[in-house]
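**Student:** Take a look and give me a structure for this.
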Amino acid sequence: MRTRPDASTARLHPHLIAATLLFTASLALFWPGYAEYDTLRQYEQAVSGQFDDWHPPVMARLWQALLPLGHGTASLLTLQLAGYWLGLALIADALARLGRPRAAWATLAAGLLPPLLGWQGVVLKDAQLVSAALAATGLIARYRLRDLPVPPVIAVTAGVLFAYALLVRANAVFALAPLIVALLPLQRRAARIGVALGIVAAVLALSGTINHRVLRAQGSDVATTQPRYDLAGIAARTQGAAIAGLPAATGATLRAHHCITPYFWDPLEETPACAAALMPLGRLSTGPLYRQLAREALRHSIAYLAQRAAHLNMTERWLVPLSLPGAEPPTIGEPNSYGISAPGAPATAWQTLAGLTTRTPLGWPFAWVSAAVLLLMASRRAPPCPTRRLALGLLASALALEASFAAISIAADVRYHLWPMIATALAAILLARLPSRRAITAAAVLLLAPAIVARAILPAPPQEYDALLRWTPPVALLPR
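**Tutor:** Okay, here's the model as predicted:
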């Protein structure tokens, strides 16, 4: 049954005014935006007009188009924060029109969670994904939540935003396919599954062509990093065996030089002895490398599972030290010769608060995954309605992306988990249902308590990049 628009449709809700003020305040706080190493590499491409696919070409192309408005990070930061608050504002507005003002205010409050907003002040592809996906979701949800038809211009705009989000991160399709399906007027489960699988297949098949032929980016070896990382991990965990054509002594060499760490793949590229040990793999292209990985994962399944489990534990930040790097948003900008400056003292204060917050469960990805699973269980008691459907789409989006990290991930930064965090928070607001006390207790005992103990007893990791290249985490699952 179609919901009739309420009498407030013609007037401006206070939530939209509040979101506008929050956008303005955020922009003033973070102006002109934090630039990290990856930010500068993309800016170089935007200025030079020479693009490669190591970083998303679509983001560099967008930045190039914005250069006439001014050099530096400010233009892209403005779009980034605009999309972030627009999406939240539109969802809040829809909830207010449905007679749920508290949920509407909670939606805006979710955008103020320090780690989430802190990372939105950094011009990076991860924040771009959150911005574009939130804006697209808000545009469609404003109508779907009230069971209204989506105007064609809104649908096209949301489609463009989703397309950008799909291209701005290589693994974004795992998150966005189930969300897009939840926003489409598909009633049959078989149709929803088929469309989701079709989106995944289409994006995986076409993204390379779009990057190289449409966006005219040069190819790099970025697609080979995952199989090289996992093949090296198998070799380091397999005593005396030749892995993927590497000499049998390669595993011992990799262990001796601390080449394998669940924290990130960087030592394999940055440490000369590690790069030399894997040089034979550098002659293989992406397809043969993945075929080698499939064969070796089947032959040495325990070693492969140990490699992936150790990294998954690290990127989900479960059994890890308290001060594991890569969680806090930056408080200073990356030194550069482009005249790109960092935000001022108020932004530093916010980022410091955000950094402290990442030491709590709010900054632990596994805690958000646990919350998403608990909410999914609680959703079974909710009656079918548009808000439940969107909540389920957001939870599926969050859990699908997190599940992909079990096989596709080479670094453990918290920023890779920003979308699952905000998606889970929004799903909780939409559902407005708490999981059972028994389920919460089980999650606290089985997951949260071990994480707290690990942070209390594990030795502090190094904080400098060069030292991290030589660091073997306590839970590395490597042979002694």
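
**Student:** so what's P114 closest to, chain neighbours aside?
**Tutor:** A354 (3.8 Å; CB to CB, 6 or more residues apart in numbering). Quick note: C-beta positions are derived from backbone N, CA and C, even for glycine.

**Student:** Can you tell me the closest non-neighbouring residue to the residue nearest the centre of the chain?
**Tutor:** For the chain, Y416 is the residue whose C-alpha lies nearest the centre (CA atoms, centre = their mean; 3.2 Å). Distances taken as CB to CB, 6+ apart place D126 nearest to Y416, at 6.3 Å, with adjacent residues excluded.

**Student:** What is the subsequent helix or strand relative to the helix or strand hosting the one you found?
**Tutor:** In this structure, D126 is located in helix 125-144 according to DSSP states H and E. Moving toward the C-terminus from helix 125-144, the next helix or strand (DSSP H and E) is helix 152-168.

**Student:** Okay, angle between that next one and helix 125-144 too, please.
**Tutor:** Orientation check (axes from the mean of the first three to the mean of the last three CA atoms, to 10 degrees): helix 152-168 against helix 125-144 gives 160 degrees.

**Student:** Would you check that A432 makes contact with A103?
**Tutor:** Yes. Counting by CB atoms under 8 Å, A432 touches A103, with 6.4 Å between them.

**Student:** more neighbours, these two?
**Tutor:** Between A432 and A103, A103 has the larger neighbour count (other CB atoms under 10 Å), namely 21 against 15.

**Student:** residues in contact with that one?
**Tutor:** Residues near A103 by CB atoms under 8 Å, 6 or more residues apart in numbering: A92, L95, I429, L430, A432.

**Student:** what does T238 give?
**Tutor:** G251, H300, A303.

**Student:** what ranges of the stretch 301-450 of the chain fall below the confidence cut-off?
**Tutor:** Scanning the stretch 301-450 of the chain for pLDDT under 70 picks out nothing.

**Student:** number of nearby residues for A236?
**Tutor:** Using other CB under 10 Å, A236 has 27 neighbouring residues.

**Student:** My guess is it contacts L254. True?
**Tutor:** Yes. Counting by CB under 8 Å, A236 touches L254, with 4.3 Å between them.

**Student:** Need the overlap of contacts for these two.
**Tutor:** I260.

**Student:** and the helix ranked longest in the chain, what does it pack onto?
**Tutor:** The longest helix of the chain (DSSP state H) is helix 74-97. Secondary-structure packing of helix 74-97 (3 or more CB pairs under 8 Å, 6 or more residues apart in numbering; DSSP states H and E): helix 14-30, helix 57-66, helix 101-110, helix 114-120, helix 125-144, helix 418-431.

**Student:** one more time with 6 Å, if that's ok
**Tutor:** helix 14-30, helix 101-110, helix 125-144 (3 or more CB pairs under 6 Å, 6 or more residues apart in numbering; DSSP states H and E).

**Student:** Can you give the distance of that helix from its chain's centre?
**Tutor:** The chain centroid and the centroid of helix 74-97 are separated by 18 Å, computed with CA atoms, centre = their mean, to the nearest Å.

**Student:** on that earlier part again, between the contacts of T238, which sits nearest E334?
**Tutor:** Nearest to E334 among those: G251, at 35.4 Å, using CB to CB.

**Student:** how much space between the closest one and H258?
**Tutor:** As for G251, its distance to H258 is 13 Å (criterion: CB to CB, to the nearest Å).

**Student:** Spit out the contact partners of A236.
**Tutor:** Contacts for A236 (CB atoms under 6 Å, 6 or more residues apart in numbering) come out as G251, L254, R255, I260.

**Student:** Compile the residues you listed into CSV and extend it with columns for neighbour count, distance to L478 and pLDDT.
**Tutor:** Below are those laid out as CSV (neighbours: other CB atoms under 10 Å; distance: CB to CB, whole Å; pLDDT from 0 to 100):
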residue, neighbour count, distance to L478, pLDDT
G251, 28, 10, 94
L254, 25, 9, 96
R255, 18, 6, 94
I260, 26, 6, 96
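
**Student:** Format those residues as TSV; extra columns: secondary structure and distance to I154.
**Tutor:** As requested, the contacts of A236 are exported to TSV (DSSP: H, G, I helix; E, B strand; the rest coil; distance: CB to CB, whole Å):
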residue	secondary structure	distance to I154
G251	helix	55
L254	helix	52
R255	helix	55
I260	coil	48
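
**Student:** would CSV of the residues you listed with distance to T107 be doable?
**Tutor:** Output for the contacts of A236, formatted as CSV (distance: CB to CB, whole Å):
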residue, distance to T107
G251, 50
L254, 47
R255, 49
I260, 42
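
**Student:** Closest one to L278 out of the residues you listed, please.
**Tutor:** Nearest member of the contacts of A236 to L278, counting by CB to CB, is L254, at 8.2 Å.

**Student:** my guess is that closest one meets I260, correct?
**Tutor:** Yes. With contact defined as CB atoms under 6 Å, L254 reaches I260; the gap is 5.5 Å.

**Student:** Now do the shared contacts for the two.
**Tutor:** A232, A236.

**Student:** For PyMOL, what selects the buried ones among the contacts of A103?
**Tutor:** Selecting the buried subset of those in PyMOL, with 16 or more other CB atoms under 10 Å as the burial test, is done by:
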select buried, resi 92+95+429+430
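
**Student:** where do the strands sit along the protein?
**Tutor:** With strands called from DSSP state E, the chain shows none.

**Student:** Quick one: closest of the helices and strands packed on helix 74-97 to A65.
**Tutor:** Going by CB to CB, the one of the helices and strands packed on helix 74-97 nearest A65 is helix 125-144, 14.0 Å.

**Student:** For the closest one, the averaged confidence score.
**Tutor:** For helix 125-144, mean pLDDT rounds to 97.

**Student:** so what does that helix touch, helix or strand wise?
**Tutor:** Against helix 125-144 (3+ CB pairs under 6 Å, 6+ apart) you get helix 74-97, helix 152-168, helix 172-183, helix 418-431.

**Student:** okay if I get those as a markdown table plus distance to E402?
**Tutor:** Converted to a markdown table, the helices and strands packed on helix 125-144 look like this (distance: least, CB to CB, whole Å):
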| stretch | distance to E402 |
| --- | --- |
| helix 74-97 | 20 |
| helix 152-168 | 17 |
| helix 172-183 | 9 |
| helix 418-431 | 5 |
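
**Student:** So for G393, which of those helices sits nearest?
**Tutor:** Across those, G393 has its closest neighbour in helix 172-183 (2.4 Å, CB to CB).
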